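**Student:** test case, fold it:
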Amino acid sequence: MIDGLTIHQLRCFDAVVSEGSFQAAAEKLRRSQPTISSSVKNLETQLQIKLLDRSGYRVILTEAGRSFHERTRVFLQELAQLRDHAAQLAMGEESELRVVIGDLCPLPEVLGLLRRFFDGCPGTTLHLYFEAISGPWERLFDDEADLILHHIDRTDPRLESIDLFTVQLVPVVAPHFLRFAISRSITPEQMRGYVQCVIRDTARRPAPRSYYLIEGAQSWTVSDQLMKRELILQGMGWGHMPRYLIEQDLRDGCLLDITGRYFKGGQADIVSARYDQNSQEIWVSSTSVGRVPTTVPTRTVPDGVTWRKRGRARKSIASREIRSWMRPVSNPCFPHGSTNLNPRAPSAPLRGRLTGTRER
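**Tutor:** Numbering: from 1, shown residues only. This is a model prediction of the structure:
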């Protein structure tokens, strides 16, 4: 009964309903009125259902027509989405994009940048993840992310990136937390007896790097910067915090800056990064934990370095375009100069380190 239905017939029927008349539907679809009338009449004949009541001044839906039109609109919407998806595939765009936000990123500003991109790519599904310390790098190197918003090792030839901003890291304590007066000459030995709040590395295989942790000091681990801030405010420990998160706390005296000769703080350059699609020959350490197919050719060279040729799929137009959106032209949400959210920041993954394990 419905084998001969066409998409054109359904579009004509929907246009008549939405526009209220055959003439208006003809103008919308840029067809003649007889063509629209004939298409709808043929549709009713094929369905053996009267869809429209033409007895009045304006055509109206019959009860059966109203039910059929509801399904027709759903079908046409899904058809449009299918057409857009096919166009994306033809252009090389990803239907899905996996983005990892690092633990130092200011969420409102970063999500605002992502919104600007996805407003123009409604057909791309976003999978958003939050990772800390070396977690973003691991997801990218294990091909579990298309883009990361984090600090990186700029000497790594596998990565291409765009500078976003710089986050200042400040060592802070709560008032009365220390049993001695705060000065610019506080030493690591003096702080060794105090609990240090530490962000947990979310990587399955954490990178052996050191960020501010004092060797021998007791440390408590937390999952994110907001929880770390709260522990420090409660006087349960001390640690380095992103200045944008504690600017108001510092002004109100709820937290005290202990930056000095030994605790100089630091800064992290946040970038949007992905694999360089043009990089095919990659030098990696023979002890690298990155996932590399066992079938790729390898040859050993001096100093225990192994050469691997790794052919990765070409990154899509969506991946390239989203990086182009990652260029903030101003920093209206960070009005205080001390935050130093600078899209043209100097290139260095993390500066101002202390020896030890990891704290951030």
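**Student:** residues near the closest residue to T202 other than its chain neighbours, how many?
**Tutor:** Distance criterion C-beta to C-beta, 6 or more residues apart in numbering; nearest residue to T202, sequence neighbours excluded, is G135 at 3.5 Å. In this view, the C-beta of every residue, glycine as well, is placed from N, C-alpha and C. Around G135 there are 24 other residues, counting by other C-beta atoms under 10 Å.
**Student:** now do G135 against V222, distance only.
**Tutor:** Plainly put, G135 is 14 Å away from V222 if you go by C-beta to C-beta, to the nearest Å.
**Student:** please verify my assumption that the residue nearest to T202 contacts R205.
**Tutor:** No - G135 is beyond contact range of R205, at 10.1 Å (criterion: C-beta atoms under 8 Å).
**Student:** what is the top strand by length along the chain packed up against?
**Tutor:** Counting residues, the longest strand in the chain under DSSP state E turns out to be strand 159-173. In terms of contacts (3 or more C-beta pairs under 8 Å, 6 or more residues apart in numbering; DSSP states H and E), strand 159-173 is packed against strand 239-242, helix 243-252, strand 256-257, strand 266-275.
**Student:** repeat the analysis, applying 6 Å as the threshold.
**Tutor:** strand 239-242, strand 256-257, strand 266-275 (3 or more C-beta pairs under 6 Å, 6 or more residues apart in numbering; DSSP states H and E).
**Student:** OK, contacts around P188?
**Tutor:** For P188, the contact set (C-beta atoms under 6 Å, 6 or more residues apart in numbering) comprises 214, 262.
**Student:** grab the nearest non-local neighbour of I246.
**Tutor:** Using C-beta to C-beta, 6+ apart, the closest residue to I246 is L255 (5.4 Å).
**Student:** swap that for A273, sorry
**Tutor:** S161 (4.0 Å).
**Student:** what about the stretch 1-150 of the chain, any weak spots by pLDDT?
**Tutor:** By pLDDT under 70, the low-scoring segments of the stretch 1-150 of the chain are 1-3, 85, 88-94.
**Student:** those strands in it, which residues are they?
**Tutor:** Using DSSP state E, counting those that start in this stretch, the strands found in the stretch 1-150 of the chain span residues 52-53, 60-61, 96-102, 125-131, 147-150.
**Student:** strands paired with the last one, and their directions?
**Tutor:** Think strand 147-150. As defined by DSSP bridges, the strand partners of strand 147-150 come to strand 96-102 (parallel), strand 266-275 (antiparallel).
**Student:** and I186, what element?
**Tutor:** Under DSSP states H and E, no helix or strand contains I186.
**Student:** repeat that for the one 3 residues further on.
**Tutor:** For E189, the enclosing helix or strand under DSSP H and E is helix 188-191.
**Student:** re the thing from before, quick one, which of the helices and strands packed on strand 159-173 is nearest to S185?
**Tutor:** For these, proximity to S185 was assessed by C-beta to C-beta; strand 256-257 is nearest, at 14.3 Å.
**Student:** now do the closest one: which elements does it pack against?
**Tutor:** By 3+ C-beta pairs under 6 Å, 6+ apart, strand 256-257 packs against strand 159-173.
**Student:** ok now the strand it packs on, how far from the chain's centre?
**Tutor:** When distances are taken as C-alpha atoms, centre = their mean, to the nearest Å, strand 159-173 is centred 16 Å away from the chain's centroid.
**Student:** pull out the buried positions in it.
**Tutor:** 159-161, 163-173 (16 or more other C-beta atoms under 10 Å).
**Student:** swap in stretch 235-248?
**Tutor:** Neighbour-count burial for stretch 235-248 [16+ other C-beta under 10 Å]: 237-247.
**Student:** what's the neighbour count on the residue nearest to K28 when sequence neighbours are not counted?
**Tutor:** Spatial nearest neighbour of K28, chain neighbours left out: A15 (5.2 Å); criterion: C-beta to C-beta, 6+ apart. By the measure other C-beta under 10 Å, the count of residues near A15 is 22.
**Student:** quick one: A15 from V59, how far?
**Tutor:** For A15 relative to V59 (C-beta to C-beta), the value is 12 Å.
**Student:** and S347, what pLDDT?
**Tutor:** If you check S347, the pLDDT there is 35.
**Student:** can you map out the helices along the stretch 1-150 of the chain?
**Tutor:** Here the stretch 1-150 of the chain has its helices, by DSSP state H, counting those that start in this stretch, at 7-19, 22-29, 33-47, 63-91, 107-119, 135-141.
**Student:** residues making contact with stretch 214-228?
**Tutor:** 103, 188, 191-192, 195-198, 200, 237, 239, 245, 356.
**Student:** distance between the ends of that stretch?
**Tutor:** 17 Å (C-alpha to C-alpha, to the nearest Å).
**Student:** distance check, the residue nearest to L5 when sequence neighbours are not counted against L128.
**Tutor:** Among residues not flanking L5 along the chain, Q46 sits closest, at 6.2 Å (C-beta to C-beta, 6+ apart). Applying C-beta to C-beta, the value for Q46 to L128 is 46 Å.
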